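Q: just to be clear, the model below is a prediction. Sequence and coordinates:
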Amino acid sequence: MSKPDVLQLGPYPEWDMERLDGLFTMHPLFAVDDKAAYLAEHGGKIRAIATRGELGATRALIEALPALEIISVYGVGFDAVDLDAARERGIRVTNTPDVLTGDVADFGIAMMLCLSRGMIGAEKWARSGDWAAHGTYPAQRRVFGKRAGVLGLGRIGFEVARRLSGFDMEIAYSDIGPKDYARDWQFVENPEELAARSDFLFVTLAASKATRHTVGRRVFEALGPEGMLINISRASNIDEEALLSALESGKLGAAALDVFENEPDFDARFRACRNVLLQPHLASGTVETRKAMGKLMIDNLEAHFAGVALPTPVI
Ligand SMILES: O=CC(=O)O
């Protein structure tokens, strides 16, 4: 039997390509210059899309693939997949939840510590010889015992809050309602109130059309000139223009960001801000997690073509 044709929208590590190439005929659209010509030639036989969270799949692409049956996302976020377009055609969508939760939560905590304690600047201070030439690095900001807010208490938000409790922090969260698994933490109705009672505000909302720009000017001002925003979710949850203004004016103290609009070509104004920590969308980027994500993405495709239940369906 011939192997199903799979359109590949982004690169995967070698360890995934070996299995993908064994099971499917892969079509690496991301590596092709003339994408329209490639789709015109191969689009008719494509039965699956292998994509990544940040790349998703647009309606235009879905409509250009008449034989499409499934979209498998390498990542937990599926906000960039046009779910309406998929639903209209009965196309299945899968993602890779759970396997990345711990690493993403670790990364948020690491960004908070790194920025609060000034570790990037301090490392340069030691490495450049400034320590010997100029003495002690300026004192930074404490983390333990402060107030933390977690916006979105899903899998990742829960693990962030659980880790924060190890820093003796006062923890509150916002979500669509109080969670019975979060009795030790204070439920707060809305993001502004949460920001007002937080020194560190973690954004861990699963992004969708409904969460777009949930975090905007009023949240930044409530968090204040001593406050820090940490975003390990999606850029679309945040009004980036308002964030830049708040950082530039000092109305918001600091931001640790793993996600941006227009990645990887993000707004150059961020580079000029001294009060930000910039990371290249790396929160799930450990070998252990990336292997588990690749396995789950391929398991979903394999299950679909074997006609068995999908391990982690979205629709
Ligand atoms: O951004 C990464 C993901 O959605 O897993």
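A: Good, I have the coordinates.
Q: show the contacting residues for residue 218.
A: Counting by CB atoms under 8 Å, 6 or more residues apart in numbering, residue 218 makes contact with residue 192. C-beta: built from backbone N, CA, C; applies to glycine.
Q: relative to the ligand, how far out is it?
A: Shown here: residue 218 relative to the ligand, a distance of 26 Å by CB to the nearest ligand atom, to the nearest Å.
Q: where does that residue fall, secondary structure wise?
A: Using DSSP states H and E, residue 218 falls within helix 217-223.
Q: can you name the next helix or strand after that helix?
A: Next helix or strand after helix 217-223 toward the C-terminus (DSSP H and E): strand 228-231.
Q: that next one packs against which elements?
A: Packing partners of strand 228-231 (3 or more CB pairs under 8 Å, 6 or more residues apart in numbering; DSSP states H and E): helix 101-116, strand 200-203, strand 254-257.
Q: hang on, the earlier thing: the helix holding residue 218: which residues count as buried?
A: By neighbour count on 16 or more other CB atoms under 10 Å, the buried set for helix 217-223 is 217, 219, 220, 221, 222, 223.
Q: please identify the helix or strand for the residue of the stretch 151-300 of the chain found nearest the ligand.
A: For the stretch 151-300 of the chain and the ligand, the shortest gap (CB to the nearest ligand atom) falls at residue 284, measuring 5.3 Å. Using DSSP H and E, residue 284 sits within no helix or strand.
Q: list phi and psi for the nearest residue to it once chain neighbours are set aside.
A: Of all residues not flanking residue 284 in the chain, residue 100 sits nearest, at 4.0 Å (CB to CB, 6 or more residues apart in numbering). When read as degrees, to the nearest 10, the backbone of residue 100 gives phi -110, psi 0.
Q: wait, residue 100 sits on residue 76?
A: Yes - using CB atoms under 8 Å, residue 100 is in contact with residue 76, at 5.9 Å.
Q: touching both of these two, which residues are there?
A: residue 284.
Q: now do residue 55 against residue 165, distance only.
A: Distance of residue 55 to residue 165, computed by CB to CB, to the nearest Å: 35 Å.
Q: comparing the two, which shows the higher neighbour count?
A: Shown here are residue 55 and residue 165; by other CB atoms under 10 Å, residue 55 has more neighbours (19 against 13).
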